[in-house]
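Participant: predicted structure and sequence below. I'll ask about it afterward.
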Amino acid sequence: MATIAQLDEKINKIYRDIQQAVDLTIEIRAQSPEHKNNAAQLWERFLGQFFSYLKLRSRESKDNLLAGISWTRLKLF
């Protein structure tokens, strides 16, 4: 049976990986306008896949996996 501790550990690892990807993105985007476009396309693909998978699994499990998450509290922008 899955535990909250396992989920927390997995999310923390993913967060560290995403931090590294963001840092790489900054370095790559500084190289040229073409690299800016390529990096943006990679992030767009990743975010699209991520949200599509969340939507799919929410539908399959009949449980909105984003329910209870406050987009306002996230203060994204």
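Facilitator: Cool, the structure landed.

Participant: which residues in this structure form helices?
Facilitator: Residue ranges of the helices in the chain, as given by DSSP state H, are 4-29, 33-61, 71-74.

Participant: let me have those in CSV, extended by mean pLDDT and mean neighbour count.
Facilitator: C-beta here means a position set from N, CA and C on the backbone, and glycine is covered the same way. Formatted as CSV, the helices of the chain follow (pLDDT from 0 to 100; neighbours: other Cβ atoms under 10 Å):
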stretch, mean pLDDT, mean neighbour count
helix 4-29, 98, 11
helix 33-61, 97, 11
helix 71-74, 84, 7
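
Participant: residue contacts, Lys62?
Facilitator: Applying Cβ atoms under 8 Å, 6 or more residues apart in numbering, we find Lys62 in contact with no residue.

Participant: what's the burial count for Gly68?
Facilitator: For Gly68, the neighbour count with other Cβ atoms under 10 Å is 6.

Participant: list phi and psi for it.
Facilitator: Main-chain torsions, Gly68, degrees, to the nearest 10: phi 90, psi -10.

Participant: quick check: it vs Glu44, distance?
Facilitator: Going from Gly68 to Glu44 by Cβ to Cβ, to the nearest Å gives 26 Å.

Participant: just Leu66 next, same as before
Facilitator: 19 Å.

Participant: convert stretch 21-40 to CSV, retaining C-alpha atoms only.
Facilitator: Output of stretch 21-40 as CSV, limited to C-alpha atoms (Å, rounded to 0.1, in the frame of the first residue of the first chain):
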residue,chain,number,x,y,z
ALA,A,21,15.9,21.4,-15.7
VAL,A,22,15.1,25.1,-15.0
ASP,A,23,18.7,25.9,-14.4
LEU,A,24,19.7,24.1,-17.7
THR,A,25,16.9,26.0,-19.5
ILE,A,26,18.4,29.3,-18.3
GLU,A,27,21.8,28.3,-19.6
ILE,A,28,20.5,27.0,-22.9
ARG,A,29,18.2,30.0,-23.6
ALA,A,30,21.2,32.4,-23.1
GLN,A,31,23.0,30.7,-26.0
SER,A,32,20.7,31.9,-28.9
PRO,A,33,17.2,32.7,-30.0
GLU,A,34,16.9,29.3,-31.6
HIS,A,35,17.8,27.6,-28.3
LYS,A,36,15.1,29.8,-26.6
ASN,A,37,12.5,28.4,-29.0
ASN,A,38,13.7,24.8,-28.6
ALA,A,39,13.7,25.0,-24.8
ALA,A,40,10.2,26.5,-24.9
